[in-house]
Every structure is written in structure tokens, then in C-alpha cells.
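Student: Sharing a model that was predicted from the sequence below.
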Amino acid sequence: MALTALVSIACTKTGMQTCELTVALVNDGASYAESGIEITLRALSSSFEYHATTDADGSATFSVMPGVYDATCAFAKDQGDFNGTISMIKVFRGKENSCLMNLNFVRTNPIIIKEIYFSRCLDPVGKLYSSAAYMILYNNSSEDFTLHNFAIAQGCPSKADSSNPYQKRGIDELGYVPALSAVWWFQQDVTMAPFSQIVVSIYTAIDHTVEIPNSVDLSTADYVMYDPEVFGNTRYYFSPYSGIDKSHYMRTLSYAAEADSWGISFKSPCFFIFQSEDVSPEEFVKNMANIEDPDGKGTQNCAKVNIEWVLDGVEVFDSKDISASHKRLASSVDAGYVVSIERNGHSVYRNVDKKATEALKENAGKLVYNYAGGTSDLESGSTDPSGIDAEASMSNGAHIIYQDTNNSSKDFHLRKVASIKK
């Protein structure tokens, strides 16, 4: 089921020369008349957000300055959840503007990306340190889940503001999700208990804080991306901490041209996780019929991952390059993006589903509120709107259900300090 939203813009003659922007929801070409649906508008020049809710006619109105904006929407109905996005809405003075937003039915899965740490931090002499990165996978359900034929991938290109070979073709029209250069998989099936997590070290799994106090301790990572026969760049890949069992070294296969590392962006990465069906991730990427060279230069070879295999994804745009950035994940996988700031060692952390978490009877008296882990580095700030301190609550014995609307703009915030940093 698809929804569509019509955006119309009219300028008003005020001292500030603001423009009135009306978002009118429609369903299959007809008016979607329902009140209380929140629409979020984000200015690309500053990442400042505006919020408005629909009236009885299904319309939400904003008063904004001329500029370029992104609009997102995510809401739940009895028949399921829906989301959508419009990128690069250009608002001009004295001109009527309109565009369409295609919203998607949200498919949720038990395994989600809870957190990613990738932003470089400063070492003791003020130089950037970029040898530590990790991802946390989380079972967002009350049932065991087995990771079978499970893999971790990144979108193409690695940086959101780089030349995107899929932009003209349309990400939503591909029918698959491009996985850049390589994918990583576990050596054996992994069963995750309810509300449990796995820390995956993307680069070297050692205690980086010994020499770089601002960094993180990855010697306690559960799994590590370490396959030196494939990627031998010793700047990022050298022997993990001896306490990590070798069976927990993840494996990979590179289909990129002469790559010596799985080079992720320290500014604006894009990650997704998937489970292949009827074929292992290794067999899938070994089949050259599943690999393509989208720009004809051999520099951005990608595996064509079936969109139905994708469990979750998160897209990051750098605060300084939002206007030059482009989506790499289809809207049905992730309809938005979270804004990040490089160099500060922040992490991108998932928001708590307040209603669902508070509804768990076993959480009575265990939830910790007044969350203060967000950052004020962005113009509009960044925090978890639920107000629940997830990490403190889990330490108190609570079970956390994280928000999962397949919209990074709604589902994540920028956290001051990585959650594993003590």
C-alpha cells in the first residue's frame, strides 16, 4: 500500500519574507483526511527542524524562510506503519511550488541497528584518530532470533556527498539495495536472546583508550570484522585482542577493484543488515551475476542485495554537507537520515519507543528518565524525545524496545559519548 503527499508552497509578504508551506496527504490519489499526523521539515542549510500536524483535512502548514528543505513523515495505523520523504524541496519567494511524497508501508524486523560509532576523535596531541569504529546489533523483540545467512553491508557511495551513480536511476526504482565493495558475515549462525545485543568491531578490536583516551575500548567486542587474507591494511586491521575467540572473526569477500580495506566514511556512512534466502552471503557475492559496476569505472562495484532481504538500515548525512548529500537506501528501508558532526567522537544512537517500553510489565520501577546523553552541537540539538535513558534503564534491569519506523530522521539521534564508553 502506498500513500502520496502533495506539497504546495505560497509566499507571504511579511517583514521576514516567510513562505507558507502546506503538506496535504493523499492516499492512492485521493485526499487522506486525518488529523494529528506529524510532518517534519528540515532545513538543509542548518539542519533546523520544523514540526506541524495535519488538520481534519489531512493538511499540515509551515511558515518558513525561502530555502531548501527535506520533509519526512512516519505514523502508525491499525493496518501497519507508514513513512515517507521528499528530498531537496526548493522554496522560492513569490512562486507556487508543489511536489509529491511517496510514503511506504513499513516492514519491521526483530534485529535492528542500535548504534554506530564511526566519527573520528582527537588524540592527545590534537590529531584525528580514525582506527576505531563499531556497530551494535539488537534484538528488539521478546523472542529468540537466529542470525542465519546474516550479513552487514554499506550503501553506495560510502560518503553521502560523493558522486552517486544511482541518483539518476532512482534508488526507489532499483528493486535492490547496492552493497559497496564487500559484505561481512558470521562464521556460524548466531542466536540472539530477547532484548540482547552484539557489539561488532568494524576496525581493530583492541582497547583504543590506552593510547587515545577519547576513543573506545573494543577489546570487549563480541565479534570483529577481521579477515586479513582479504583486507590487509594494517592501519585499520591488525590482530584483535587475544580474548576474542577466532570463531568470532567475521569473514568477507571483496569485489572492489584493488581495495585493501572496507573503507567506511567518517562523516556520513550508510549501513544496512540483511539475511539472504536460499543462498549464503558468501555464495551470493561470489556469483558475478549479482555484482555490478554502476559508473563503469570499476571503483564502486556493488552487490545487488534483494530489497526483501534487508532487515534494517541507517543513513547518516554530515551537518556541513546536507545540501550536497543524496540518499543511498530505498525509502522502504530508510525514508530519512540522521545528521552527524565529524571529529567529535559522537555516535548515532537509536531512540526508545516510549509507549512500547513503558507497556512492558517487567519494566515497572526500572526505567530511568531525564536522558541527557544527546548533544547540543547541532543547531536544533539532538536527543531522544522519549526522555528515557536506555543504557541506565538496562543497567537497572529494564527491557528496552527501540523505535523502528524505517526513518533515520525519526529513529536516531546524535549521542555525545558512545554507549560502550565508561
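Tutor: Sure, I can see it.
Student: pretty sure Y236 contacts T204?
Tutor: Yes. Counting by CB atoms under 8 Å, Y236 does reach T204; the two are 6.4 Å apart. (C-beta placed from N, C-alpha, C; glycine too.)
Student: Now do the shared contacts for the two.
Tutor: The contact sets of Y236 and T204 overlap at S131 (CB atoms under 8 Å, 6 or more residues apart in numbering).
Student: where's V23, which helix or strand?
Tutor: Using DSSP states H and E, V23 sits in strand 19-27.
Student: Output the contacting helices and strands for that strand.
Tutor: strand 3-11, strand 59-64, strand 67-77, strand 80-91 (3 or more CB pairs under 8 Å, 6 or more residues apart in numbering; DSSP states H and E).
Student: Buried residues, that strand. List them.
Tutor: Neighbour-count burial for strand 19-27, counted by 16 or more other CB atoms under 10 Å, picks out 19, 21-27.
Student: which ones are touching A205?
Tutor: A205 neighbours (CB under 8 Å, 6+ apart): 218-219, 221, 224, 226, 240-241, 244.
Student: contacting residues around the residue nearest the centre of the chain?
Tutor: Centroid-nearest residue in the chain, with CA atoms, centre = their mean: V314, separated by 1.5 Å. Going by CB under 8 Å, 6+ apart, V314 touches 113, 116, 270-272, 334, 338, 348, 408, 411-412.
Student: Inside strands: which ones of those residues?
Tutor: Of these, the ones assigned to strands by DSSP state E are 113, 116, 270-272, 338, 348, 412.
Student: Out of those, flag the one nearest to T252.
Tutor: T252 lies nearest to F271 out of the ones in strands among the contacts of V314, by CB to CB, at 14.3 Å.
Student: quick one on the thing from earlier: average model confidence for the strand holding V23?
Tutor: What strand 19-27 shows for mean pLDDT is 79.
Student: okay, the angle between it and strand 80-91?
Tutor: Interaxial angle, strand 19-27 versus strand 80-91 (axes from the mean of the first three to the mean of the last three CA atoms, to 10 degrees): 150 degrees.
Student: So for the helix or strand just after strand 19-27, mean pLDDT?
Tutor: Next along the chain after strand 19-27, taking DSSP H and E as the criterion, comes strand 30-31. Averaged across strand 30-31, pLDDT comes to 74.
Student: Stretch 54-73 too?
Tutor: Stretch 54-73 carries an average pLDDT of 85.
Student: do stretch 330-342 as well
Tutor: 91.
Student: Stretch 296-304 now?
Tutor: On average, the pLDDT along stretch 296-304 is 89.
Student: residue contacts, N214?
Tutor: Applying CB under 8 Å, 6+ apart, the residues near N214 are 121-123, 129, 345.
Student: Going by distance to S87, which of the residues you listed wins?
Tutor: G345 (28.6 Å).
Student: Wait, the closest one touches S215, no?
Tutor: Yes. At 7.1 Å, G345 counts as touching S215 under the criterion of CB under 8 Å.
Student: who touches both of the two?
Tutor: Both G345 and S215 are contacted by C121, under the criterion CB under 8 Å, 6+ apart.
Student: got JSON lines for the contacts of A205, with distance to S35 too?
Tutor: Compiled in JSON lines, the contacts of A205 are given as follows (distance: CB to CB, whole Å):
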{"residue": "L218", "distance to S35": "48"}
{"residue": "S219", "distance to S35": "52"}
{"residue": "A221", "distance to S35": "47"}
{"residue": "V224", "distance to S35": "50"}
{"residue": "Y226", "distance to S35": "53"}
{"residue": "P240", "distance to S35": "54"}
{"residue": "Y241", "distance to S35": "55"}
{"residue": "I244", "distance to S35": "53"}
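Student: which two from these end up farthest apart in space?
Tutor: Top of the distance list for the contacts of A205 (CB to CB): S219 and Y226, 13.1 Å.
Student: for V339, which residues make a bridge with it?
Tutor: For V339, the beta-bridge partners under DSSP bridges are F317.
Student: residue contacts, it?
Tutor: Contacts of V339 by CB under 8 Å, 6+ apart are 47, 316-319, 322, 378, 382, 414.
Student: at 7 Å what do you get?
Tutor: By CB atoms under 7 Å, 6 or more residues apart in numbering, the residues touching V339 are 47, 317, 319, 322, 378, 414.
Student: separation between the nearest residue to S130 once chain neighbours are set aside and K267?
Tutor: Residue nearest to S130 in three dimensions, not counting chain neighbours: R120, with 4.5 Å by CB to CB, 6 or more residues apart in numbering. R120 is 9 Å from K267, where distance means CB to CB, to the nearest Å.
Student: any low-confidence regions in the stretch 201-350 of the chain?
Tutor: Regions of the stretch 201-350 of the chain meeting the criterion pLDDT under 70 are absent.
Student: show me where the stretch 301-422 of the chain has helices.
Tutor: Secondary structure of the stretch 301-422 of the chain by DSSP state H, counting those that start in this stretch: the helices cover 354-359, 390-395, 408-411.
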